[in-house]
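1. below are the sequence and a predicted model; questions follow.
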Amino acid sequence: MEINTINIAIDTNKCTVCASCMHVCPNGIYAVHDKKIAINPLRTHLCIACGQCMAVCKSKAVQQSKLDYDTDFEELSPDSASGTFDNLIKTRRSVRSFKNIPVPEELLLEILNTVSYAPISFPPHKTEICIVQNYELLAKASGEMMKFYEKMPKLLANPIIRQIIKHKLTNRQFMVLQNHVMPIVTTKINNKTGENEDFILRNAPVLLLFHANTKAELIETDLHIALTYAMLGAHAAGLGTCVIDLVAPPVNKSPELKQLFKIPTENEVFSALIVGYPKVHYFRTIKRNFAFNFIGNT
Ligand SMILES: Cc1cc2nc3c(=O)[nH]c(=O)nc-3n(C[C@H](O)[C@H](O)[C@H](O)COP(=O)(O)O)c2cc1C
Ligand code: SF4
Ligand code: SF4
């Protein structure tokens, strides 16, 4: 058993080196070296305890100290009633690793047509969806987005620019930038790990950009409901998706990217989904609890 300082471990007696954990980890913590799975100690601090590595490991060889196979996961049986809402919800995962096959355009249009039945605050729909399926364009856009984030550590180190950025973002947006985005970017730059990794679009074959006129009332809520419907619709059709909120800031900031995606100047991208056929199979779902406040009659 190899144990590192933040308590991610692989039981080498159980590991079959299928590499599924490496494919699903959002932060590149696993790699295959000398026909063995290895944990990159320069990246373990990026672990968000998402449980993906444990959900894909058939032999339960991964141990992450914050998660327990018995209490935090539920086995997915292959013969569970696939058409039920319960099964649809439990089998959805954020998918960031895709098979190298295209998604038929008709399938995407069929899913998005169904999404148009989603509730909206005030008809008609103000959400607009840009479907990008061009590999070259996606690679170019992803490169531009990564450059945007890679400039950030220098900008944030300058107290004046830091204040300007802070002023332009909401408190919560700034916290996300500081606590979640910057650690990934600085690790990539300082430790020279994951140089070739596309940590934004994940080499997905399809990108859906959800955009709208910023003056539309309650647009953020409408748009996120539509995006959630799209996520579930795609999953029901055998596709995998992941919300990528890292897309919106660089696109909205760059007239070139907006033009590349044909986003009208008066519109803003609020969120995005990457879509494709999932590369790996999940053997269990991850349980997460809401805080309930139940007020009954007694
Ligand atoms: C609002 C929102 C924004 C997200 N942004 C990103 C992102 O920029 N990059 C990414 O890899 N995952 C992103 N995710 C995916 C989450 O990390 C993921 O949903 C979470 O780890 C739980 O995993 P699960 O969806 O498999 O249950 C986002 C999810 C949501 C709901
Ligand atoms: S998913 Fe499990 S079996 Fe496969 S390489 Fe990772 S630890 Fe080993
Ligand atoms: S819990 Fe998530 S972030 Fe942490 S090592 Fe596993 S897959 Fe990676």
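-> Now that the structure is in, tell me what you want to look at. Residues are numbered from 1 along each chain as shown. Ligands and ions are numbered 1, 2, ... in the order given.
2. not counting its neighbours along the chain, what's nearest the closest residue to ligand 1 within the stretch 51-200 of the chain?
-> Residue nearest to ligand 1 within the stretch 51-200 of the chain (C-beta to the nearest ligand atom): Ser94, separated by 3.4 Å. Where C-beta positions appear, they are placed from N, C-alpha and C, glycine not excepted. Closest residue in space to Ser94, ignoring its immediate chain neighbours: Cys242 at 4.2 Å, by C-beta to C-beta, 6 or more residues apart in numbering.
3. also Val176?
-> Val176 sits nearest to Asp245 (C-beta to C-beta, 6+ apart), 7.8 Å away.
4. so which elements touch the strand or helix carrying the residue nearest to Ser94?
-> Element membership of Cys242 [criterion: DSSP states H and E] is strand 240-243. Packing partners of strand 240-243 (3 or more C-beta pairs under 8 Å, 6 or more residues apart in numbering; DSSP states H and E): helix 219-236, strand 267-276.
5. quick one on the thing from earlier: surely the residue nearest to Ser94 touches Phe98?
-> No - look at Cys242 against Phe98 with C-beta atoms under 8 Å: they stay out of range, at 9.8 Å.
6. between these two, tell me which one has more neighbours.
-> Phe98 (23 against 20; other C-beta atoms under 10 Å).
7. return the residues in contact with the closest residue to that one other than its chain neighbours.
-> With sequence-adjacent residues excluded and distances taken as C-beta to C-beta, 6+ apart, Phe98 is closest to Gly276, at 3.3 Å. Contacts for Gly276 (C-beta atoms under 8 Å, 6 or more residues apart in numbering) come out as 95, 98-99, 101, 103, 204-206, 239-240.
8. then Lys90?
-> 74, 76, 285.
9. quickly find the element holding it.
-> Assessed by DSSP H and E, Lys90 sits inside helix 85-91.
10. next, the buried residues of the next helix or strand after that helix.
-> Tracing the chain C-terminally past helix 85-91 and defining elements by DSSP H and E, one meets helix 105-115 next. Across helix 105-115, burial judged by 16 or more other C-beta atoms under 10 Å covers 108, 111-112, 115.
11. any residues touching helix 105-115, and which ones?
-> Contacting residues not belonging to helix 105-115 are listed as 129, 131, 133, 206, 208, 226, 229-230, 233-234, 237, 239, 275 [C-beta under 8 Å, 6+ apart].
12. and the angle from it to helix 219-236?
-> Helix 105-115 runs at 130 degrees relative to helix 219-236, counting by axes from the mean of the first three to the mean of the last three C-alpha atoms, to 10 degrees.
13. tell me what angle helix 105-115 forms with strand 267-276.
-> Using the same axes, to 10 degrees, the inter-axis angle of helix 105-115 relative to strand 267-276 is 120 degrees.
14. helix or strand: which one has Thr285?
-> strand 284-286.
15. can you spell out which helices and strands pack onto that strand?
-> helix 52-56, strand 73-75.
16. select, out of those, the one closest to Leu169.
-> The closest of those to Leu169 is helix 52-56. By C-beta to C-beta, the value is 28.0 Å.
17. now find how far off-centre that closest one is within its chain.
-> 15 Å (C-alpha atoms, centre = their mean, to the nearest Å).
18. which SSE is immediately downstream of that helix?
-> strand 62-64.
19. so who does Leu239 touch?
-> By C-beta under 8 Å, 6+ apart, the neighbours of Leu239 are 103, 107, 111, 275-278.
20. determine which two of the buried residues of helix 105-115 are furthest apart.
-> Leu108 and Val115 (10.4 Å).
21. flag every residue of the stretch 1-150 of the chain that's near ligand 1.
-> 26, 50, 93-94, 96 (C-beta under 6 Å from any ligand atom).
22. in three-state terms, label the closest residue to ligand 2 within the stretch 151-298 of the chain for me.
-> At 8.4 Å from ligand 2, Val280 is the closest residue in the stretch 151-298 of the chain, using C-beta to the nearest ligand atom. Three-state assignment for Val280 (DSSP: H, G, I helix; E, B strand; the rest coil): coil.
23. in stretch 237-251, what's buried?
-> Quick answer for stretch 237-251 (16+ other C-beta under 10 Å): 239-244, 246-251.
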